[in-house]
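**Q** need a structure here:
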Amino acid sequence: MTDYKNLKLIATSNPHIRSSETTRSIMLDVIIAMLPALAFACISFGFRALTLTAVSVVGCVFFEWLYRKLMKKPQAVSDLSAVVTGMLLAFVCPVQMPYWMILIGDFFAIVLVKQLFGGIGKNFVNPALAGRAVLLASYAGTMTSWADPAVNKAAILGSNVDIVTAATPLAMMKGGSFDALLETYTVSDMFVGNIPGSLGEVSALMLLIGGVYLIWRKVINWQTPVAYIATVAVLTFLFPLSGSGLEWMLYSIFGGGLFLGAFFMATDYATSPVTKKGQLIFGVGCGLFTVLIRYFGSYNEGVCYSIMVMNLFVALIDKYTKPVRFGVVKSDKKEAAAK
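**A** Model (predicted):
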């Protein structure tokens, strides 16, 4: 007969599902997924693409370590989230920007956007995008001057050769030079990344490889990136501003930071919905705002601001898309909400 008096009852809080995944392992997968785009940037823009990324990573890690040291909080740099932020911020900046300038963006992203709100998982907007927005507002000239990957890479490395800049495809589309764009860059150029642009966002192919890796590793769900890219594709196909709908659509989705934003920024755990239905809504909203900004805004790119705007609606989206708890009928749920 069982002696129930000697049994030890252990009561623990939910959740009870165990997983081998950790924040560090997830961030490591994200870093691996960004390596193809970084390698392509080094090939296209030269070694400075790597050094600028390294400076940004070191800056983010240092600012996170310093803040938590001064605030007497446990160190969290080992979770690699600061490394991811540093890489993403470098990816959305021109390769020739000064090192000190990107460090300002690092400080804003880590200290003001991430740590002051409590650290990882508690920020309400994407830190890297917020850092880019501040840099764009403060140093618009530098942030909108793009090195042409076809020029001598010695210029980008810092020799006496002047850096040759060129308009990005989106800038040409915004300026009404779509016919000239068709003559300058082919669709394959756009897809592969033989175009001017930010360090890590020019190659849709490399970013697609990284995005598929993240989906395969189940780090992200397909709902947000697919809904995001599909929304931009449908709207630009139905409402082209020049040329045929197919041409305008392809140049719209392969130009700018759409793939980088869709796979690596709109899927940030802390600033995106948790439900699959909410992720679809979030992706559609990002796509809608991106097209609206590109079409009617003064700036030719809308990915950064569209994701940040939708970040502000995440709590509302989660509220109205959360599933009904097991055993709770809808009528009981409505009555409980009314009280």
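
**Q** which residue ends up closest to the midpoint of this structure in space?
**A** residue 265 (2.2 Å; Cα atoms, centre = their mean).

**Q** Next secondary structure after the worst-scoring helix or strand of the chain on mean pLDDT?
**A** Among the helical and strand segments of the chain, the one scoring lowest on mean pLDDT, DSSP states H and E is helix 153-157, with a mean of 49. Next helix or strand after helix 153-157 toward the C-terminus (DSSP states H and E): helix 169-174.

**Q** Dump the C-alpha coordinates for the next helix or strand after that following helix into PDB.
**A** Using DSSP H and E, the helix or strand that follows helix 169-174 in sequence is helix 178-184. Extracted in PDB, the C-alpha atoms of helix 178-184 (Å, rounded to 0.1, in the frame of the first residue of the first chain):
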ATOM      1  CA  PHE A 178      12.000  53.700 -64.500                       C
ATOM      2  CA  ASP A 179      12.900  53.400 -68.200                       C
ATOM      3  CA  ALA A 180      16.500  54.400 -67.400                       C
ATOM      4  CA  LEU A 181      16.500  51.800 -64.600                       C
ATOM      5  CA  LEU A 182      15.400  49.100 -67.000                       C
ATOM      6  CA  GLU A 183      18.400  50.000 -69.200                       C
ATOM      7  CA  THR A 184      20.800  50.100 -66.300                       C
END
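
**Q** Now helix 178-184: buried residues?
**A** Within helix 178-184, the residues scored as buried using 16 or more other Cβ atoms under 10 Å are 178, 181. The way it works is simple: take the backbone N, C-alpha and C, and place the C-beta from them, glycine included.

**Q** same deal with stretch 301-317?
**A** Neighbour-count burial for stretch 301-317 flags 301-311, 314, 317 (criterion: 16+ other Cβ under 10 Å).

**Q** Okay, and which of those map to helices?
**A** When those are checked against helices using DSSP state H, the ones located there are 303, 304, 305, 306, 307, 308, 309, 310, 311, 314, 317.

**Q** and which of these is nearest to residue 234?
**A** Nearest to residue 234 among these, counting by Cβ to Cβ, is residue 306 at 15.4 Å.

**Q** If we ignore the residues flanking it in sequence, what's nearest the closest one?
**A** In space, not counting the residues next to it along the chain, residue 306 is nearest to residue 289; the distance is 3.5 Å by Cβ to Cβ, 6 or more residues apart in numbering.

**Q** Also residue 61?
**A** With sequence-adjacent residues excluded and distances taken as Cβ to Cβ, 6+ apart, residue 61 is closest to residue 82, at 4.7 Å.

**Q** gap between the one you found and residue 128?
**A** Distance, residue 82 to residue 128, using Cβ to Cβ, to the nearest Å: 11 Å.

**Q** Residue 93 now?
**A** Computed as Cβ to Cβ, the residue 93 to residue 128 distance reads 10 Å.

**Q** Neighbour count: those two, which is higher?
**A** residue 128 (30 against 27; other Cβ atoms under 10 Å).

**Q** so that one touches residue 110, yeah?
**A** No: Residue 128 lies out of contact with residue 110 (Cβ atoms under 8 Å); the separation is 9.8 Å.

**Q** Please identify every residue contacting each of those two.
**A** Common contacts of residue 128 and residue 110, defined by Cβ atoms under 8 Å, 6 or more residues apart in numbering, comprise residue 85.

**Q** Let me see the backbone angles for residue 147.
**A** phi -70, psi 140 (degrees, to the nearest 10).

**Q** related to what we said a few turns ago, which of the three states applies to the residue nearest to residue 61?
**A** Per DSSP: H, G, I helix; E, B strand; the rest coil, the secondary structure class of residue 82 is helix.

**Q** Give me the neighbour count for it.
**A** Using other Cβ under 10 Å, residue 82 has 28 other residues around it.

**Q** next one: residue 238
**A** Residue 238 is flanked by 10 other residues according to other Cβ under 10 Å.

**Q** Tell me where the stretch 101-250 of the chain is predicted with low confidence.
**A** Applying pLDDT under 70 to the stretch 101-250 of the chain flags residues 150-166.

**Q** how far away is residue 212 from residue 31?
**A** In this structure, residue 212 lies at 16 Å from residue 31, with Cβ to Cβ as the measure.

**Q** wait, isn't residue 29 in contact with residue 216?
**A** No: when contacts are counted by Cβ under 8 Å, residue 29 is not listed as touching residue 216 (9.8 Å).

**Q** Pick out whichever of those two has more residues nearby.
**A** Counted by other Cβ under 10 Å, residue 29 and residue 216 do not tie: residue 29 has more neighbours, with 21 against 11.

**Q** contact partners of the strand or helix carrying the more buried one?
**A** Assigned by DSSP H and E, residue 29 falls within helix 23-45. Outside helix 23-45, the residues that touch it by Cβ under 8 Å, 6+ apart are 49-50, 53, 78-81, 83-84, 87-88, 91, 95, 120, 147, 149, 153, 156, 193-194, 199-203, 206-207, 209-211, 213-214, 217, 219, 260, 263-264.

**Q** again, only using 7 Å
**A** Identification of contacts with helix 23-45 by Cβ atoms under 7 Å, 6 or more residues apart in numbering yields 49-50, 53, 78-81, 83-84, 87, 91, 95, 120, 147, 149, 153, 156, 193, 199-200, 202-203, 206-207, 209-210, 213-214, 217, 219, 264.

**Q** buried subset of those residues?
**A** 49-50, 53, 79-81, 83-84, 87, 91, 95, 120, 147, 149, 153, 156, 193, 199-200, 202-203, 206-207, 209-210, 213-214, 219, 264.
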